[in-house]
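Q: Show me how the following folds:
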Amino acid sequence: MEVLEAIRTRRSIRKYKDQDVPDDLIDQVLTAGTWAPSGMDNQPWRFAVIRDKKLKSEIAKLAEQTKMVENAPVIIPVFFDHHAGYDTTKDIQAMGACLQNMLLAIHGLGLGGVWLGQIRKNMDEVRILCGAPEKYELMAVVVLGYSAQKAGRGKRKGFDEVVFLRK
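A: Alright, predicted model coming up:
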């Protein structure tokens, strides 16, 4: 899939088939995340890959989209390792790039996925459930699987609304 096509056609998918996602595909998603740019190449991302129904259910209780998280074959809590960081703004930007790479890889591999950010309101509980150290801060939970829904059409603002200077 061409990169620009993948960017234009990627959508947030929230319904998944009851079908396992092979480890090699999960590893490709993680690889895409780890190849995101980061300041000073500090690579501050850390991942938990969760398939276990009981653990997914516990994490799902902390999300607004409980059923979606419970029913997804795989969830990947994505953490920022504060001990690997050097500049908070740049590190958070790197985490966003990591998440976008993961979502593009999910799409390119024929899977569906979404990144949940609102779960950060319960980030300490998620961290504890994952057994992550205190130095890890939850950035998002990536939910993924084989799509059980048709992707919607995307719509974006025109350049006249988002470009304020061309000189």
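Q: Buried residues, stretch 100-118. List them.
A: For stretch 100-118, a neighbour-count test (16 or more other Cβ atoms under 10 Å) marks 100-109, 111-116 as buried. Just so you know, the C-beta spots here come from the backbone N, C-alpha and C atoms, and that holds for glycine as well.
Q: and for the helix or strand hosting Lys56, what are the contacting residues?
A: Per DSSP states H and E: Lys56 is located in helix 53-60. The contact list for helix 53-60 (Cβ atoms under 8 Å, 6 or more residues apart in numbering) reads 50, 66-70, 72, 75, 77, 119, 126, 129-130, 141.
Q: from those residues, which ones fall inside strands?
A: 75, 77, 141 (DSSP state E).
Q: surely the last one meets Val114?
A: No - the pair Val141 and Val114 does not pass the contact test of Cβ atoms under 8 Å, sitting 9.1 Å apart.
Q: any idea how far Tyr86 is from the residue nearest to the spatial centre of the chain?
A: Centroid-nearest residue in the chain: Val142, 3.4 Å away (criterion: Cα atoms, centre = their mean). Applying Cβ to Cβ, to the nearest Å, one obtains 24 Å for the distance of Val142 from Tyr86.
Q: same check, this time on Ala48
A: Applying Cβ to Cβ, the value for Ala48 to Tyr86 is 23 Å.
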